[in-house]
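K.L.:
Structure, please.
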Amino acid sequence: MRFNVHAGHNPAGKVASGAVGLINESTENRRVKEEVISQLRELGHTVYDCTCNNGTGQTDVLQKIVAQCNDHDVDLDVSIHFNSGAGDPAGDDKTTGVEAYVYSASSTAKAYAEKVCQTVSGLGFRNRGVKYSTSLYVLKHTKAPAVLVECCFVDDKDDVELYDFRKMAAAIVYGITGQHIQESQETAPAAPGEETPVGDPKELYRVQTGAYGVKENAEAMKARLQEAGFDAVIVKA
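P.N.:
Prediction:
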């Protein structure tokens, strides 16, 4: 499949950035967006990053996002956002949850939105369901069907404590593709960075985790491997 994916709003600290609470929308939606793109590409899909980082105001940000989206012929546009308005910084042992917007009930994006809400709620978030809006700029002006995902609430302690950007991204990816990244398991794995005491030490076997057309995605995968305790290098083919 072919996707446009973008984080809503300008980056944190700039004009027209996102909601701020216990976490910052414009920081977290970019983390989720990067992980969604990385996982989709690892699954073999074509993905375009249509995020705007230099808008001069809210309207300019939206226009630049839509212009990038409409440069590509895709199956679905995915807009990543975080919600606000829960007003629950202390927590009440209940999440406020996830919701997704599409243009109308007849939009082909509705089925994707429903599935995303289901998969994200499977992480423990309340499922607020699919909502319709003919006024949201991205939903109104993209030529491909679009779904706007409100991952969770930045001002709800329970949402924030449950939230993990990698798990959130994986749930979104599964919602729109029905696919998971498969992590291989060995029966007797070596510890990170170590060799098992078998085999010919004169022979070397390379292990590849992915191949990327965008250097930033390769660097993101390298960082994930290093964070997990594995040595990693980037080699240009």
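K.L.:
phi, psi of the closest residue in space to Glu35 that isn't next to it in sequence?
P.N.:
The shortest distance from Glu35 to any residue that is not its chain neighbour, by C-beta to C-beta, 6 or more residues apart in numbering, is 3.5 Å, and that residue is Ala169. C-beta: built from backbone N, CA, C; applies to glycine. For Ala169, the backbone dihedrals are phi -60, psi -40 (criterion: degrees, to the nearest 10).
K.L.:
List the contacts of Ala169.
P.N.:
Val32, Glu35, Val36, Ser38, Gln39 (C-beta atoms under 8 Å, 6 or more residues apart in numbering).
K.L.:
Is the third one in a helix, a strand, or coil?
P.N.:
Okay, so that is Val36. helix (DSSP: H, G, I helix; E, B strand; the rest coil).
K.L.:
so how far is Asp92 from it?
P.N.:
29 Å (C-beta to C-beta, to the nearest Å).
K.L.:
The two: who's more crowded?
P.N.:
Using other C-beta atoms under 10 Å as the criterion, Val36 and Asp92 rank with Val36 on top: 26 against 11.
K.L.:
was I right about that one contacting Tyr174?
P.N.:
No: applying C-beta atoms under 8 Å, one finds Val36 not in contact with Tyr174, separated by 10.6 Å.
K.L.:
Touching stretch 134-142 from outside, list them.
P.N.:
Stretch 134-142 is touched from outside by 4, 8, 59, 62-63, 65-66, 69-70, 77, 79, 101-104, 133, 146, 148, with contacts defined as C-beta under 8 Å, 6+ apart.
K.L.:
Can you report how many residues neighbour Gly13?
P.N.:
The burial count assigned to Gly13 is 9, neighbours taken as other C-beta under 10 Å.
K.L.:
Could you report the separation of the closest residue to Asn70 other than its chain neighbours from Cys152?
P.N.:
In space, Asn70 comes closest to Lys143 once its chain neighbours are excluded; the distance is 5.1 Å by C-beta to C-beta, 6+ apart. Computed with C-beta to C-beta, the distance linking Lys143 and Cys152 is 29 Å.
K.L.:
same thing with Thr134?
P.N.:
For Thr134, the distance to Cys152 under the criterion C-beta to C-beta works out to 25 Å.
K.L.:
for Asp73, same thing?
P.N.:
Distance of Asp73 to Cys152, given as C-beta to C-beta: 31 Å.
K.L.:
next one: Ala146
P.N.:
When C-beta to C-beta is the yardstick, Ala146 and Cys152 sit 20 Å from each other.
K.L.:
For this structure, which segments count as helices?
P.N.:
25-42, 58-69, 109-121, 137-141, 157-162, 165-177, 215-227 (DSSP state H).
K.L.:
Tell me how many other residues crowd Ala85.
P.N.:
Quick fix: residue 85 is Gly, not Ala. Applying other C-beta under 10 Å, we find 12 residues neighbouring Gly85.
K.L.:
when you give positions from now on, start the count at 47
P.N.:
That works, and once the first residue is 47, the last one we named lands at Gly131.
K.L.:
from memory it sits against Val200, does it?
P.N.:
No: with contact taken as C-beta under 8 Å, Gly131 and Val200 are classed as non-touching, separated by 9.4 Å.
K.L.:
For stretch 71-82, give me every contacting residue.
P.N.:
Contact partners of stretch 71-82, identified using C-beta under 8 Å, 6+ apart, comprise 51-58, 63-65, 95, 97, 124, 126-128, 130, 197, 200, 209, 211-212, 214-216, 218-219, 262-263, 266.
K.L.:
hmm, 6 Å instead?
P.N.:
Applying C-beta atoms under 6 Å, 6 or more residues apart in numbering, the contact partners of stretch 71-82 are 51, 53, 55, 57-58, 63-65, 126-128, 200, 211-212, 214-215, 218-219, 266.
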